[in-house]
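Peer 1: Below: sequence and its predicted model.
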Amino acid sequence: MIKIETPGTHKKGLKILVYGDTGTGKTSFALTFPKSLILDTEDGYEWYENTEKAKNMAGIVRSQSFDDLDDLLDQLDCDSSEYSTFVIDSETKIYENLQEALLDVEERRARKKHRDELDANISQRSWGKIKQISLRLQNEKIRLASQGVNIVSVSQAADVMENSGDTMVKVGEKPDMHKKAKYDYDIKLRLFIKDGKYYGEVEKDRTDTYSVGTVLENPSYDNWKDRV
């Protein structure tokens, strides 16, 4: 039988996507969230351990493997009582690792067929596999958030380029991760530095805490904690 809930009684975790260039405060933002289990794919959190900034860290796993991410999400889905937040820093490294693994498959296939492995590229079939795995992982994050765990996905920024005559010009930035993943988050925040200060521009906010285009100085968990 399907469970029917009274509106407003379900505990809900935030799903936040934060992205930006190197040094814009992505890790510092993630560290503001309570009781965090962190998947550190860039070996960057070690510098914060045993400092005041890391007071909310409750656990850490150092890996770039999408299999480890899958296992962690399954583990948290079974028992998330120790943690209030799951941080993936960064989604970019997980996505790159996934592409590298599938390219390795294509190279082995080329060797088996006596073709030059240097000419091997990710096939349409492999891109389909990447999409399938990426969507599965996203769905697991959504399920975990439905149990009250905050999800903080950190991504590096990729340039958005357009043709301008004979040259390509940068017209913006986007998260460097699976292109459809951004639609699954409640909040999307682009971090940047201006005049030596750290800012975040709200590009999406389903919680209606901030309107799109709002720029926050030193954004943190405190900006949205009342909505959790």
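Peer 2: Structure's in. What do you need? Residues are numbered from 1 along each chain as shown.
Peer 1: K194: neighbouring residues, count only.
Peer 2: 9 (other C-beta atoms under 10 Å). C-beta coordinates here come from the backbone N, C-alpha and C atoms, glycine included.
Peer 1: One more: K225?
Peer 2: Neighbours of K225 using other C-beta under 10 Å come to 14.
Peer 1: Use 862 as the first number for this chain going forward.
Peer 2: Shifting the count to begin at 862 puts that one at K1086.
Peer 1: residue contacts, it?
Peer 2: K1086 makes contact with no residue, according to C-beta atoms under 8 Å, 6 or more residues apart in numbering.
Peer 1: Give me the local confidence score for the residue nearest the centre of the chain.
Peer 2: For the chain, the residue nearest the mean C-alpha position is S1014 (2.5 Å; C-alpha atoms, centre = their mean). For S1014, the model assigns a pLDDT of 96.
Peer 1: Pretty sure it sits in a helix.
Peer 2: No: assessed by DSSP: H, G, I helix; E, B strand; the rest coil, S1014 does not belong to a helix; its assignment is strand.
Peer 1: Hmm, it is touching F890, no?
Peer 2: No: in this structure, S1014 is not within contact of F890 by C-beta atoms under 8 Å, at 11.5 Å.
Peer 1: anything in contact with each of these two?
Peer 2: V879.
Peer 1: Low-confidence bits of this protein, can you list those?
Peer 2: 866, 868-871, 966, 975, 977-981 (pLDDT under 70).
Peer 1: quick one, helices of it?
Peer 2: 887-891, 927-939, 952-973, 985-1006 (DSSP state H).
Peer 1: Buried deepest among those, which one?
Peer 2: Greatest average neighbour count among those goes to helix 887-891 (a mean of 22), per mean count of other C-beta atoms under 10 Å.
Peer 1: For that helix, what is the distance to the chain centroid?
Peer 2: 12 Å (C-alpha atoms, centre = their mean, to the nearest Å).
Peer 1: List the contacts of it.
Peer 2: 879-881, 897, 899, 905-906, 909, 914, 948, 950-951, 1013, 1015, 1050, 1052, 1059, 1061, 1080-1081.
Peer 1: what about E910, neighbour count?
Peer 2: Applying other C-beta under 10 Å, I find that E910 has 10 neighbouring residues.
Peer 1: Tell me who's in contact with it.
Peer 2: E910 touches 918, 921, counting by C-beta under 8 Å, 6+ apart.
Peer 1: Thought Y906 was touching I921, still the case?
Peer 2: Yes: with contacts counted by C-beta under 8 Å, I921 reaches Y906, the gap being 6.0 Å.
Peer 1: Which one's more surrounded, those two?
Peer 2: A count of neighbours by other C-beta under 10 Å puts Y906 above the other of I921 and Y906, at 21 against 16.
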